[in-house]
Every structure is written in C-alpha cells, then in structure tokens.
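Engineer: no FASTA, just this:
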C-alpha cells in the first residue's frame, strides 16, 4: 500500500508524542511553511491541549500501551501541534517541529537497527530516512517532514523543494491554514471543497444535491475535543464565497430551531429520542427542487397524501423509541406538529394497507401484517406502535427535561441512552460477552448525541459525571492487553 510509509511516520510521531511529551520551548507554527500551498486536506493534532484538558501522565499512559518507557525521547517539540496534509493526487505528509535534532537522529538510528526503517542518510543539506518503498522522511535543525504516496525518488525532489520554500509560497498564505490555526481543540481537520467535491460527486445521494451548491466554494472543518467526561466531534461547513453561503442558507430554510414542545411526551426515558422542527412549505419547495426526490414524492402522492402532509408540517417533530429486555419489537411514538390535519379524513382512501377507525379515536393501519396507530394530537398528529401510546401522545412523561436547553438550541437533535441500550444488549449472548469484557468501563457510559444548528454539527459521547473519558479508554487498553 502506498499509504504504508505515512502510517509508519504517524505511528512514530504519535508514539513519541505520548511517550515523550514535555513542556518544550514551542517553536510556533512557522514550520508549516513546508506544507504545499495547494494541499486539499490539513489536519492539526495538539497533544499539549489533550494532555492539559485531561490531566494525563503521558509517560505512564505510553508504558501501559506498550509504546515506550520513561526514558523514551524523540527530539520533537510536542508543545507545538503536529500537522498532517494530503493532496488531491493522494500524496500525504506529516510535519512536526524539532526540539533536539541529535535526539531525533538517535531515535531514528535505533529504529533502523531494529529494521523498523531505513538508515539515516545525508543529501542536499538535509538528513533523510526511507520508511518504505513509498515513504520518506527529511529534517533539518527545526522541521521534520514525512511524505508518502509516490516512489521515494519522486518524493525526494518534491520534499527538498518544500523544505526550501518560504511561508508565502506555502499553506500558511491560505484561508485553510487560517481556519486551522483558529481551532482550540485537540484535533482539527480542514478539507478543501475542490477535493471533497471530486469524491463527493461520485456518491449518488450527494450528486443529487451538488448542483445547488458549488463544492469548490466551501471548506469542511472537522474538530475533535476530548475533555473530562466528553468527546465531541464537530463539523462545520465554511462557505468561501457569498454565493455558496446564500445557496446553503437557502437549502436550510425548511428547518427551524426546536421549540421543545414535544420533549417528554408519551414515553418516559426512551432509549432513542430524535427531534427537529420543520417549515413544511419551505421544505416542500426544497425537496421538489431535487429532481429524483420530486419524482419519488410524486409517485408516493398517488398512494398517500404526501404533499398535503408535507406542507402542513409547522413546528416540532419528535420520535421516541423504547424497548424492554426480552421483547423483539420496539415501542415508538412519532409526534408531529402541523397547521391542519384535514388529510386524516381521507385515510380510508389511502392505497397502503387497510385502515380501521378506533372507538378511542384515530385509526389502526394494517400494512403488510404490521399495525400502525395514527390519529390527531393537540399539536397535530401521531404515529404509534400501539393504541395506548397513541392515546398518551399528549401526556407528560419524564427523562429528557435536563437536556431541554441543549435541544432547544438545535435544528436537529438525536440522543441515545447508552445504559438502557447496554441493558438490552445484555440479553443477547454475543453482546453480553463483549460488554462483560469491559464491564467497569461500560458502566460509566451515559449518552451518545448528535445535534445540528445551521452549518454546525456535533457528535458527542459522554460518560456519567465525575468520570474522565481518556482515563476510561486507558483502562480499556490495559484490559485488552
């Protein structure tokens, strides 16, 4: 594999970062001048932030992982971030600041003796190590650069030029570098839309929407922050032109900020809760503007009043799902806010299954052997897995009120109660065996959450209060050895 060399370089750098982290002098980020200006991807790894945020003893962690001992030193400056970059033609690179070039050379000589890399050589005024057929490392007194993806001979010329260039000819003169430098998280990743678009347009679902936004005019930013009991992976779409910003904002007009009216309705403390808020008229326009979606909606409208229902949506929508241990099917309740429910008068004419009126109000639909209960609620209508849940669609439940502030600051929100999910998993022999191997760590899990607002999305894994995520992962690594 052409990526093997860069994997070796990353392993060497990250192992050294964990095993040999010190509060070094910090050379600033001027070493980024060796990163090519046309890089399509730029990642920033800040070990100093990760260590400080989580009160980690890096040497102790390294020893538990079997990556080094208390005397391991590599000569790199991990008070400064490590950068990873990639080009459209799949050449990848790693850049780090050097703290002590003699220690670095001694470290690499040791690796060469162990046949983990080639010998240290001197050419063109720099020191070099060949990692494998497609990987090469070069350094001077201040900067280490490793690259992979072409033959070593091809890379050597490119890398010598990069080592000699000034910052105005490098990534440091671009908006991408600016966006990366603004990040405060342990890990950030910026992807240029030109490169992302080349890949994205090969995916049919993205290709449908692509004409609405010129991907050449956006950057995608991904960050990872790990602190205390939480890990948060965030993505931001960063428009680079007014036209791109306008197009993206136009696409999002169908979603509104969640009001919170449907939190804690019907099902108490569900395993899964999903919420959003919709402007049906605007969402209908957006969906019909995408030709394949327009065709699908037109076909569906012949069987059920899809367009009438879609245009009636006017506010919060929530789905709560729960499941009892030992049961095969989940209980669910979909609550939908609408500005009218006239279409429910015509359900008997819908061409999907059969509909029967219920004495308690609403209907039961039999669709290919599965029963679905639907009817009017105070806010609009509901779909439920059983009649009782449908009748309770407007009744207060409990379990999510502590999340209300977070939910009502979002356009979309999904949360999973991991302890309830694990309890269900314990009833499955294979899952129970896996959970049992990490019982102590599993007992600390709290929630997995996805939330979005505008162009910002977050995926968050949280432990119960008072636990530290990094130290919990450390325990899992120790158990797995």
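Structural biologist: Perfect, thanks for sending it. None of the values given here were measured: they were computed from a predicted structure.

Engineer: and residue 226, helix, strand or coil?
Structural biologist: Assigned with DSSP: H, G, I helix; E, B strand; the rest coil, residue 226 falls in the strand class.

Engineer: contacts only, for it.
Structural biologist: 50, 53-54, 186, 232, 469-470 (CB atoms under 8 Å, 6 or more residues apart in numbering). In short, each C-beta sits where N, CA and C put it, glycine included.

Engineer: centre of this structure to the edge, which residue is at the far end?
Structural biologist: Farthest-out residue of the chain from its mean C-alpha position, per CA atoms, centre = their mean: residue 359, at 46.8 Å.

Engineer: need the contacts of residue 226 in a markdown table (columns: secondary structure).
Structural biologist: Listed next are the contacts of residue 226 as a markdown table, based on three-state DSSP:
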| residue | secondary structure |
| --- | --- |
| 50 | helix |
| 53 | helix |
| 54 | helix |
| 186 | coil |
| 232 | strand |
| 469 | helix |
| 470 | helix |
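
Engineer: with distance to residue 415 and neighbour count added, can I get these in a markdown table?
Structural biologist: Output for those, formatted as a markdown table (distance: CB to CB, whole Å; neighbours: other CB atoms under 10 Å):
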| residue | distance to residue 415 | neighbour count |
| --- | --- | --- |
| 50 | 26 | 22 |
| 53 | 23 | 17 |
| 54 | 24 | 18 |
| 186 | 24 | 24 |
| 232 | 14 | 17 |
| 469 | 17 | 18 |
| 470 | 23 | 20 |
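
Engineer: closest to residue 430 among these?
Structural biologist: Taking CB to CB as the measure, residue 430 lies nearest residue 469 of the contacts of residue 226, at 25.6 Å.

Engineer: related to what we said a few turns ago, helix or strand: which one has the residue farthest from the centre of the chain?
Structural biologist: Element membership for residue 359 (DSSP states H and E) is empty, with no helix or strand holding it.

Engineer: heads up, I number from 5, so please use that
Structural biologist: Okay, using 5 as the starting number, the last item reads as residue 363.

Engineer: re the thing from before, so which of the contacts of residue 230 sits lowest on pLDDT?
Structural biologist: Of all the contacts of residue 230, residue 58 has the smallest pLDDT value, namely 72.

Engineer: show me what contacts that residue?
Structural biologist: For residue 58, counting by CB under 8 Å, 6+ apart, the contacting residues are 230-232, 472-475.

Engineer: what of residue 181?
Structural biologist: Counting by CB under 8 Å, 6+ apart, residue 181 touches 36, 39, 46, 175.

Engineer: surely the first one is in contact with residue 176?
Structural biologist: Translated: residue 36. Yes: in this structure, residue 36 is within contact of residue 176 by CB atoms under 8 Å, at 5.3 Å.

Engineer: between those two, which one's more packed in?
Structural biologist: residue 36 (23 against 20; other CB atoms under 10 Å).

Engineer: residues contacting that one?
Structural biologist: With CB under 8 Å, 6+ apart, residue 36 has these contacts: 87, 99, 171, 174-176, 181.

Engineer: do you know the pLDDT at it?
Structural biologist: On the pLDDT scale, residue 36 is placed at 93.

Engineer: do you know how far it is from residue 443?
Structural biologist: Distance of residue 36 to residue 443, given as CB to CB, to the nearest Å: 44 Å.

Engineer: thinking residue 228 is in contact with residue 191, fair?
Structural biologist: Yes: using CB under 8 Å, residue 228 is in contact with residue 191, at 4.0 Å.

Engineer: higher neighbour count, these two?
Structural biologist: Neighbours were counted for residue 228 and for residue 191 using other CB under 10 Å; residue 191 has more, 21 against 18.

Engineer: okay, and the beta partners of the more buried one?
Structural biologist: residue 49, residue 228 (DSSP bridges).

Engineer: ok so, going back, which among the contacts of residue 58 gets closest to residue 393?
Structural biologist: residue 473 (35.3 Å).

Engineer: so the closest one sits right up against residue 465, yeah?
Structural biologist: Yes: at 7.3 Å, residue 473 counts as touching residue 465 under the criterion of CB under 8 Å.

Engineer: so what sits against both of the two?
Structural biologist: With CB under 8 Å, 6+ apart as the test, residue 473 and residue 465 both reach 234-235.

Engineer: helix, strand or coil for the residue lying closest to residue 401 once chain neighbours are set aside?
Structural biologist: Nearest-residue entry for residue 401: residue 272, 4.2 Å, with adjacent residues in sequence omitted and distances by CB to CB, 6 or more residues apart in numbering. Put simply, residue 272 is coil when judged by three-state DSSP.

Engineer: how about the contacts made by residue 272?
Structural biologist: 401-403.

Engineer: just the buried ones from those, in ChimeraX syntax?
Structural biologist: Here is the ChimeraX selection string for the buried members of these, based on 16 or more other CB atoms under 10 Å:
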select :401,403
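
Engineer: what is the nearest of the contacts of residue 272 to residue 92?
Structural biologist: residue 403 (47.8 Å).

Engineer: with adjacent residues omitted, what lies nearest to the closest one?
Structural biologist: Leaving aside its chain neighbours, residue 403 sits nearest to residue 273 (3.1 Å; criterion: CB to CB, 6+ apart).

Engineer: run a quick neighbour tally on the one you found.
Structural biologist: Residues near residue 273, counting by other CB under 10 Å, number 15.

Engineer: now swap in the one 5 residues further on and tell me
Structural biologist: A total of 17 residues lie near residue 278 under the criterion other CB under 10 Å.

Engineer: I'd assumed residue 323 was in contact with it.
Structural biologist: Yes: counting by CB under 8 Å, residue 278 touches residue 323, with 4.6 Å between them.

Engineer: picking up where we left off before, out of the contacts of residue 181, who's nearest residue 356?
Structural biologist: Nearest to residue 356 out of the contacts of residue 181 is residue 46 (CB to CB; 49.4 Å).

Engineer: mind showing which ranges of this structure have poor pLDDT?
Structural biologist: For the chain, the stretches flagged by pLDDT under 70 are 5-33, 60-76, 198-217, 329-330, 431-433, 435-436, 438-439, 479-485.

Engineer: can you give me phi and psi for residue 47?
Structural biologist: phi -110, psi 150 (degrees, to the nearest 10).
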